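[1] sequence and predicted model, in that order:
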Amino acid sequence: MRVEIEILGSGTSAGVPMIGCDCWVCRSENPRNKRLRASVLFRVDGRVFLVDVTPDFRLQALRSGFSQVDAVLVTHSHADHVHGLDDLRAIYWGGGRKPIDLYGYPETVASIRATFAYIFDEDYEYKGIAKIDTHTFEHEPFTVAGIKVTPIPVVHGNMRVAGFRIGDAAYITDTNLVPESSIELLKGVKLLVLDALRRTPHPTHMSLPQALEVARAAAVSRVFFTHINHDIEHESINKTMPEFARLGYDMLRASVEEDGSVKVHEIEPSGLPPIIASR
């Protein structure tokens, strides 16, 4: 089974460049230092699974060119991961007004239903919204559109966050701890996209050295780091990385092919919104 991951956004909650920041990374003209909020697409057997719906979702979808979403997988309910939910209405309309399936931990789904109560209110009169069907999971793998999805539990401060494994590819964001039991769930993964906020320790995210340790413990073939802040400059940090590890960047596509090999589809970041394409 071929599984592709596209990084829609590789940035932290504030994005890069940050509002009001004049550091050298925020002023960089390198498009790989321009980072929308963290999200990915899984593409597998003609299905498209969106992981998280960031406040940048509209820009990400237009830039990537996708208009089909078979399901939404939600890692957790923080604003930078779900506050683009209203923009799913374009996907809903374009998909023949078929309700979009959304999967998350029970507490994640409850938070989303509270925050976006109007979407789930049967008596809400305005029709310009998406219809979303919510589903919950706990520890066991579940099936979405005929595809097996394995949740990878991780810790983010005082909350749990769901990573996701599909085939031999996996995505984990927003974590300061990947438990040993979750490392075991990652065994056999060839392609991993993993949280690495900055170079130094952080209370709710992994640092780059910590993320490298997790990737080595899981024995992955390739790892790309994401949810990156402005502490990390793409080119200079990449030069210090071991061969199997690289910084992710917006619009990167990588896949596990049917023969088990990992292929990186080098795409020059382009089509960036003018507001972040230059400063």
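    Received the coordinates, thanks. Numbers count the residues shown, from 1 in each chain.

[2] and for residue 154, the neighbour number?
    25 (other C-beta atoms under 10 Å). C-beta here means a position set from N, CA and C on the backbone, and glycine is covered the same way.

[3] beta partners for it?
    residue 161 (DSSP bridges).

[4] residues contacting it?
    For residue 154, the contact set (C-beta atoms under 8 Å, 6 or more residues apart in numbering) comprises 160-163, 172, 174-175, 177-179, 182.

[5] how about 10 Å then?
    By C-beta atoms under 10 Å, 6 or more residues apart in numbering, the contact list for residue 154 reads 75-76, 160-163, 172-179, 182, 194-195, 206, 214.

[6] can you select the buried ones from the residues you listed in PyMOL?
    Per 16 or more other C-beta atoms under 10 Å, the buried members of the contacts of residue 154 correspond to this PyMOL selection:
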select buried, resi 75+76+160+161+162+163+172+173+174+175+176+178+182+194+195+206+214
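
[7] can I get stretch 17-32 in PDB, CA atoms only?
    This file holds the C-alpha atoms of stretch 17-32, laid out as PDB (Å, rounded to 0.1, in the frame of the first residue of the first chain):
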ATOM      1  CA  PRO A  17       7.200  34.800  10.400                       C
ATOM      2  CA  MET A  18       5.700  35.900  13.700                       C
ATOM      3  CA  ILE A  19       3.700  39.100  14.000                       C
ATOM      4  CA  GLY A  20       6.000  41.800  15.200                       C
ATOM      5  CA  CYS A  21       9.200  39.800  15.100                       C
ATOM      6  CA  ASP A  22      12.300  41.100  13.500                       C
ATOM      7  CA  CYS A  23      14.600  38.100  14.000                       C
ATOM      8  CA  TRP A  24      16.700  36.800  11.100                       C
ATOM      9  CA  VAL A  25      14.500  33.700  10.500                       C
ATOM     10  CA  CYS A  26      11.300  35.800  10.400                       C
ATOM     11  CA  ARG A  27      13.100  38.200   8.000                       C
ATOM     12  CA  SER A  28      14.400  35.400   5.900                       C
ATOM     13  CA  GLU A  29      13.600  35.300   2.100                       C
ATOM     14  CA  ASN A  30      14.000  31.500   2.000                       C
ATOM     15  CA  PRO A  31      10.500  30.200   1.400                       C
ATOM     16  CA  ARG A  32      11.300  27.100   3.500                       C
END
